[in-house]
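**Student:** just the structure for this:
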Amino acid sequence: SVPELADLSKEPDSTFNMYGPEARTPGSYAANCILARRLAERGVRFIQLYHRGWDQHGNLVNDLKKNCADTDQPTAALLKDLKQRGLLEDTLVVWGGEFGRTPTAQGRNGRDHNPQGFTMWLAGAGVRPGLAYGSTDDYGYYAENDKVHFHDLHATILHLLGLNHLRLTFRY
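**Tutor:** Residues are numbered from 1 along each chain as shown. Predicted coordinates:
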């Protein structure tokens, strides 16, 4: 079933247009978003998409612009596509990384790692659209209001997947 799944030749032009200019390029983030939708349609339970190159300690202006161009349209298209097909109701999409970026410059044109305050977002699987929870200080450096610990984020994800996180917790 994998060769048929990976063959995007029968996808309509409208799909490629929705996912963006790189959607026809095998291995691109946009093409992988189409593959993710096709995997979800076939009942695959865990799908991970990865986009390299977010570690911008230098050249932030150019690299961030390129990363956003690579990911914004395909990610929005994936959410729209899943919703149109009725798959977003029971598909959880988690977008994030292991830390954020400092609000101040590192050198002339970069940002350092910031584990103190950053954003992740969830969509689908019963997540309330438009909900923003928590905030940082006025400088965007430290989480300040309604802080979310990773244990709480994981508990939320497990709950949305129908699992009781307390049954998976080992206290030591």
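**Student:** who does the helix or strand of the chain with the lowest mean pLDDT pair up with?
**Tutor:** Sorted by mean pLDDT, DSSP states H and E, the helices and strands of the chain end with strand 100-101, the least confident at a mean of 88. Here strand 100-101 is paired, per DSSP bridges, with strand 113-114 (antiparallel).
**Student:** now for residue 165, how many residues are close by?
**Tutor:** Neighbourhood size, residue 165 [other C-beta atoms under 10 Å]: 15. Heads up, the C-betas are built off the backbone N, CA and C, glycines and all.
**Student:** for stretch 16-36, buried residues please.
**Tutor:** Using 16 or more other C-beta atoms under 10 Å as the burial criterion, the residues of stretch 16-36 that qualify are 16, 18-20, 22-24, 28-36.
**Student:** start to end distance for that stretch?
**Tutor:** End-to-end span of stretch 16-36 (C-alpha to C-alpha, to the nearest Å): 14 Å.
**Student:** list the contacts of that stretch.
**Tutor:** 5-6, 8, 11, 15, 47, 49, 51, 70-71, 73-75, 77-78, 80-81 (C-beta atoms under 8 Å, 6 or more residues apart in numbering).
**Student:** now stretch 51-59: how far from the chain's centre is it?
**Tutor:** Averaging C-alpha positions (C-alpha atoms, centre = their mean, to the nearest Å) puts stretch 51-59 16 Å from its chain's average.
**Student:** just the terminal-to-terminal distance for that stretch.
**Tutor:** Start-to-end, stretch 51-59 (C-alpha to C-alpha) is 17 Å.
**Student:** again, but for stretch 109-126
**Tutor:** 39 Å.
**Student:** show me what the most centrally placed residue in the chain is bridged to.
**Tutor:** Closest residue to the average C-alpha location of the chain: residue 95 at 2.3 Å, with C-alpha atoms, centre = their mean. Beta-bridge partners recorded for residue 95 (DSSP bridges): residue 121.
**Student:** please pick the buried ones from the contacts of stretch 16-36.
**Tutor:** Among the contacts of stretch 16-36, those classed as buried by 16+ other C-beta under 10 Å are 11, 70-71, 73-75, 77-78, 81.
**Student:** how about the strands of this protein, start to end?
**Tutor:** For the chain, the strands defined by DSSP state E cover 93-95, 100-101, 113-114, 121-123, 135-136, 143-145.
**Student:** so how far is the first one off the chain centroid?
**Tutor:** Relative to the chain's own centre, strand 93-95 is displaced by 4 Å; criterion: C-alpha atoms, centre = their mean.
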